[in-house]
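> After the sequence you'll find the predicted model.
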Amino acid sequence: MRLVATTALALTLAALPAFAEDAPKPATVTQANAAAPPSAADLLFDQPQMKNTAPGSTITYDYLRRSGISGGPFGVPLEDTLILKVEPGKSPDARDISVTMFSGLNRVPAGPFEDMAGNPVVSLFLENHLRGLAKVLEANPRYLKLAIRKGLRDKAVVTPTKVSVGGKEVDGWQVVTKPFAGDALAQRMRGMDDMTYTFVTAPSVPGEIVSIEASSKNKDGGELLEEKLNYDHKAG
């Protein structure tokens, strides 16, 4: 498969994106593997992450995107917010979710989502990230999307971590993957084949997603792209 320039990005944010469609299902836990960490797919896509979020509440994420690439192909630095308004769903663990993704001229259409057990913010972040990345690389977004799916399935490293929320430390998980490392077309990624995706989750945090980051640096440590989303406990 080759990277193909495209102007029609098939990234629809009006419904739940397809990142979870082909995600691997978690293995059945037995006595032998009970101590093993959960899979990346389980943490990011399969868990009923919204069950601990009270209907009528709001989850706010702070967003940042910046790049040091000459000519500014990713645009000017952007700081904004992504807000989920949560209402009751049809089942106890599910919620109806309306989304305000950025503000003013930066607004991106997203949602609403009905009877959602999972947190749509993971797919929303990745789809928005891929839109920008595919444009800069003049690449087929489907190729990039499939690489990230494969990276989460085959290359992700899941480790336990401590998460600081509101001055308190809680138990969480960190998922790290470099999906483009070793890719046959890595030379076409303008040095961004080291792109690292880091996800942090914590069951005690509303919606469970604490942070998401996509970052890439050049060989001299210069910032090619930093894009991240962080849960804002003060705004909830």
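Perfect, thanks for sending it.

> In this protein, spot the helix with the most residues.
Taking DSSP state H as the criterion, the chain has its longest helix at helix 121-137.

> Which SSE is immediately downstream of that one?
Moving toward the C-terminus from helix 121-137, the next helix or strand (DSSP states H and E) is helix 141-150.

> show me the residues around the most centrally placed residue in the chain that make contact.
For the chain, the residue nearest the mean C-alpha position is residue 122 (3.5 Å; Cα atoms, centre = their mean). Residues counted as contacts of residue 122 (Cβ atoms under 8 Å, 6 or more residues apart in numbering) are 19, 44, 45, 199, 209, 212. No exception for glycine: its C-beta is placed from N, CA and C like everyone else's.

> swap in residue 234?
When contacts are counted by Cβ under 8 Å, 6+ apart, residue 234 touches residue 166.

> Can you verify it is assigned to a helix?
Yes - Residue 234: assigned to a helix according to DSSP: H, G, I helix; E, B strand; the rest coil.

> I'd say residue 63 and residue 100 touch.
No - assessed by Cβ atoms under 8 Å, residue 63 is found out of contact with residue 100, at 11.5 Å.

> just the angle between the longest helix of the chain and helix 141-150, please?
Per axes from the mean of the first three to the mean of the last three Cα atoms, to 10 degrees, the angle that helix 121-137 makes with helix 141-150 is 130 degrees.

> ok, now how distant is residue 152 from residue 214?
Applying Cβ to Cβ, to the nearest Å, the value for residue 152 to residue 214 is 13 Å.

> which residues do the two both contact?
residue 197.

> the more surrounded of those two?
Neighbours were counted for residue 152 and for residue 214 using other Cβ atoms under 10 Å; residue 152 has more, 25 against 22.

> Give me the neighbour count for residue 184.
Per other Cβ under 10 Å, the neighbour tally for residue 184 reads 8.

> I'd like the distance from it to residue 214, if you could.
When Cβ to Cβ is the yardstick, residue 184 and residue 214 sit 21 Å from each other.

> again with residue 59
Counting by Cβ to Cβ, the gap from residue 59 to residue 214 is 20 Å.

> And the least confident helix or strand in the chain by mean pLDDT, what's buried?
The weakest-scoring helix or strand in the chain, judged by mean pLDDT, DSSP states H and E, is helix 141-150 (a mean of 91). The neighbour-count check on helix 141-150 (16 or more other Cβ atoms under 10 Å) flags 141, 142, 143, 144, 145, 147, 148, 149 as buried.

> one step back: shared neighbours, residue 63 and residue 100?
Here residue 63 and residue 100 have 81, 82 as joint contacts, going by Cβ under 8 Å, 6+ apart.

> still on that earlier bit, which of the contacts of residue 122 sits closest to residue 67?
Nearest to residue 67 among the contacts of residue 122: residue 212, at 16.9 Å, using Cβ to Cβ.

> Tell me the bridge partners for that closest one.
Per DSSP bridges, the residues bridged to residue 212 are residue 199, residue 229.

> what's around it, how many residues?
With other Cβ under 10 Å as criterion, residue 212 counts 25.

> show me what contacts it?
Shown in contact with residue 212 (Cβ under 8 Å, 6+ apart): 121, 122, 125, 126, 197, 198, 199, 200, 228, 229.

> Surely the last one is in contact with residue 128?
Going back to what we said before, that points to residue 229. No - with contact defined as Cβ under 8 Å, residue 229 does not count as touching residue 128 (9.6 Å).

> For the two, work out which one has more neighbours and name it.
Set side by side, residue 229 and residue 128 show more neighbours around residue 229, with 25 against 22, by other Cβ under 10 Å.
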